[in-house]
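Student: The following block contains a protein sequence and its predicted model.
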Amino acid sequence: MSEHLTVVDHPLVQHKLTLMRDKGTSTAGFRQLLREITLLLAYEVTRDIPLTTRNIETPMEEMDAPILAGKKMALVSILRAGNGMLDGVLELVPSARVGFVGLYRDEETLKPVQYYFKAPESLKDRLVIAVDPMLATGNSSAAAIDLLKQAGATDIRFLCLLAAPEGVARMKEAHPDVRIVTAALDRELNAKGYIMPGLGDAGDRMFGTK
């Protein structure tokens, strides 16, 4: 573990990830597991968010009780696969505001090209959690973080299911201030940019497309 990368080795996370890696797992099963594992990962990525206190009355007495401080968190999905992780985080933090970043890879330049960007207002005052199941080359993830910073975000975390060493290195180089939380750091990328051993294309497995 480093300040830049947190691998969540909780037994339930690792168990669910193994089921997701299995090519025999159905589309419906994959989606359900993704929702469950994201909820567990979201618990880790929000571990140290700031608290303040509010005066409340319990059935027994008055007390100053801890409550989340500041503006509502912003949750940003990197399209399309990031959408599969939204529900898990929203189950844990239902008041979060939601944004979307759409990027595709130009086949000639291999650079990410933006086609959609919609983010909640006042990003500079919010914890921003960007979600995408796979951190592979890191190019589109780094580009998405660029856009969020341009929109004012200063406290950004990146939540993914799997990471490749190449993607972690790329993100650390481009955005050393952005902490990555993942369920596993896999071995490498193959020649086509897929994470090995990985779980295939997360978007295809989630949405039943090829």
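Tutor: Perfect, I can see it now. Residues are numbered from 1 along each chain as shown.
Student: next helix or strand past the lengthiest helix in the chain?
Tutor: In the chain, assigned by DSSP state H, the helix with the most residues is helix 27-45. Later in the chain than helix 27-45, the nearest helix or strand by DSSP states H and E is strand 51-57.
Student: Could I get the CA-only coordinates of that next one as PDB?
Tutor: Extracted C-alpha coordinates of strand 51-57, given in PDB (Å, rounded to 0.1, in the frame of the first residue of the first chain):
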ATOM      1  CA  LEU A  51     -17.100  15.300  10.100                       C
ATOM      2  CA  THR A  52     -18.700  18.100  12.100                       C
ATOM      3  CA  THR A  53     -21.300  17.800  14.800                       C
ATOM      4  CA  ARG A  54     -25.000  18.600  15.100                       C
ATOM      5  CA  ASN A  55     -27.100  19.000  18.100                       C
ATOM      6  CA  ILE A  56     -29.800  16.300  18.200                       C
ATOM      7  CA  GLU A  57     -32.200  14.800  20.700                       C
END
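Student: Check which residues of it are buried.
Tutor: Buried residues in strand 51-57, counting neighbours by 16 or more other Cβ atoms under 10 Å, are absent. Where C-beta positions appear, they are placed from N, C-alpha and C, glycine not excepted.
Student: swap in stretch 114-129?
Tutor: F117, A119, P120, L123, R126, L127, V128, I129.
Student: mind checking how far the first one is from K71?
Tutor: Right, F117. Per Cβ to Cβ, to the nearest Å, F117 is found 20 Å from K71.
Student: Same question for the last one.
Tutor: From I129 across to K71, the span is 13 Å (Cβ to Cβ).
Student: what do you get for G193?
Tutor: 36 Å.
Student: quick one: pLDDT of L90?
Tutor: The model reports L90 with a pLDDT of 92.
Student: now do Y116
Tutor: 93.
Student: helix/strand/coil for it?
Tutor: Of the three states, Y116 takes strand under DSSP: H, G, I helix; E, B strand; the rest coil.
Student: which SS class is V128?
Tutor: V128 is classified as strand under three-state DSSP.
Student: sorry, back to before: distance from the longest helix of the chain to the middle of the chain?
Tutor: 11 Å (Cα atoms, centre = their mean, to the nearest Å).
Student: Now do it, average pLDDT.
Tutor: Taken as a whole, helix 27-45 carries a mean pLDDT of 93.
Student: List the buried residues for that helix?
Tutor: Here helix 27-45 shows 30-45 as buried, counting by 16+ other Cβ under 10 Å.
Student: again, but for stretch 94-112
Tutor: So, applying 16+ other Cβ under 10 Å, buried residues of stretch 94-112: A96, R97, V98, G99, F100, V101, G102, L103, P112.
Student: could you dump the residues you listed to JSON lines with distance to T209, secondary structure and pLDDT?
Tutor: Shown next, in JSON lines, are the buried residues of stretch 94-112 (distance: Cβ to Cβ, whole Å; DSSP: H, G, I helix; E, B strand; the rest coil; pLDDT from 0 to 100):
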{"residue": "A96", "distance to T209": "27", "secondary structure": "coil", "pLDDT": "92"}
{"residue": "R97", "distance to T209": "28", "secondary structure": "strand", "pLDDT": "93"}
{"residue": "V98", "distance to T209": "23", "secondary structure": "strand", "pLDDT": "96"}
{"residue": "G99", "distance to T209": "24", "secondary structure": "strand", "pLDDT": "95"}
{"residue": "F100", "distance to T209": "19", "secondary structure": "strand", "pLDDT": "96"}
{"residue": "V101", "distance to T209": "20", "secondary structure": "strand", "pLDDT": "94"}
{"residue": "G102", "distance to T209": "16", "secondary structure": "strand", "pLDDT": "93"}
{"residue": "L103", "distance to T209": "18", "secondary structure": "strand", "pLDDT": "87"}
{"residue": "P112", "distance to T209": "20", "secondary structure": "strand", "pLDDT": "80"}
